[in-house]
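Trainee: Requesting a structural model of the entry that follows:
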Amino acid sequence: MSRRLLITLALLPLITGCVFSGEAIRDEVDSIAWDLRPTELEPQAELRIGRGLLGMAATVARWSDDPDADFAANLVDDVDQVDVGIYELFESRGDAPSGLTADGLEELRDLGWRPVVRTSERRDGARWVLYRSDGGRDQMLVVGIEEDELIVLRLTGDLGGIMDNAIRREDDLIHVAHHIHDDY
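Mentor: Numbers count the residues shown, from 1 in each chain. Model prediction:
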């Protein structure tokens, strides 16, 4: 195992270009920021993870004896790119926003996103999963709002298998499966 780790570390400089600024999610973040106004956003991290680093992560996961790691590696194989943005929310007045409004979701629809799933828990905040097809590639947008933090995650690739597996592994989403499958 240590030999594999050394080889991986030796190859790391070759894939350093696979992580860089995440300006690709700027349109989505701007739409969400418009919806959350007067709350202000301060970027904490914005980055894009490319196919090289994702492929290496899948390879390392396959070295594990854990069947869940192999399952995750198979899912990562279908992802070409991950864009992540983490933002701190600053309230100029009132309480922290609890989530996106109908107007905010309409702004995201104007960018081609279709809402798929929404979850909300008092303790963990609210999350939305949205989908679109862009240039023949699937894209999934996950928006999470918790107390004083906004997290935006966009996956690009062949994501139909990821959605199907997520639905199969989560009994609570069986009802949603019928609606999602028709859209894919």
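Trainee: Leu100 belongs to a helix?
Mentor: No: Leu100: not assigned to a helix; according to DSSP: H, G, I helix; E, B strand; the rest coil it is coil.
Trainee: Pull the number of nearby residues for the residue nearest to it when sequence neighbours are not counted.
Mentor: In space, and not counting its chain neighbours, Leu100 is closest to Asp35: 5.5 Å by CB to CB, 6 or more residues apart in numbering. C-beta: built from backbone N, CA, C; applies to glycine. By the criterion of other CB atoms under 10 Å, Asp35 has 19 neighbours.
Trainee: For the strand or helix carrying Asp35, buried residues please.
Mentor: Element membership of Asp35, judged by DSSP states H and E, is helix 26-36. Residues of helix 26-36 classed as buried: 28-29, 31-33, 35-36 (neighbour count, 16 or more other CB atoms under 10 Å).
Trainee: Out of these, which two sit at the greatest distance?
Mentor: Comparing all pairs in the buried residues of helix 26-36 by CB to CB, the longest separation belongs to Glu28 and Leu36, at 12.5 Å.
Trainee: give me the element the one residue sitting closest to the centre of the chain is part of.
Mentor: Residue closest to the average C-alpha location in the chain (CA atoms, centre = their mean): Leu153, at 2.8 Å. In this assignment (DSSP H and E), Leu153 forms part of strand 149-157.
Trainee: Tell me which strands that strand pairs with, and in which orientation.
Mentor: strand 79-90 (antiparallel), strand 137-146 (antiparallel) (DSSP bridges).
Trainee: right, and the helix or strand after the longest one?
Mentor: Going back to what we said before, that points to strand 79-90. Immediately after strand 79-90, counting by DSSP H and E, sits helix 102-110.
Trainee: Which strands and helices lie in contact with that following helix?
Mentor: helix 26-36, strand 114-121 (3 or more CB pairs under 8 Å, 6 or more residues apart in numbering; DSSP states H and E).
Trainee: wait, which of those is closest to Ile145?
Mentor: Among these, helix 26-36 sits nearest to Ile145 (CB to CB), with 7.9 Å.
Trainee: right, and the residue nearest to Leu100 touches Asp103 too?
Mentor: Yes: assessed by CB atoms under 8 Å, Asp35 is found in contact with Asp103 at 6.2 Å.
Trainee: ok, residues contacting stretch 147-165?
Mentor: 24-25, 28-29, 32, 36, 41, 44, 71, 75, 78-90, 96, 116, 125, 131, 134, 137-145, 180-181, 184 (CB atoms under 8 Å, 6 or more residues apart in numbering).
Trainee: per-residue confidence for the closest residue to Leu141 other than its chain neighbours?
Mentor: Nearest residue to Leu141, sequence neighbours excluded (CB to CB, 6+ apart): Leu130, at 4.3 Å. On the pLDDT scale, Leu130 is placed at 90.
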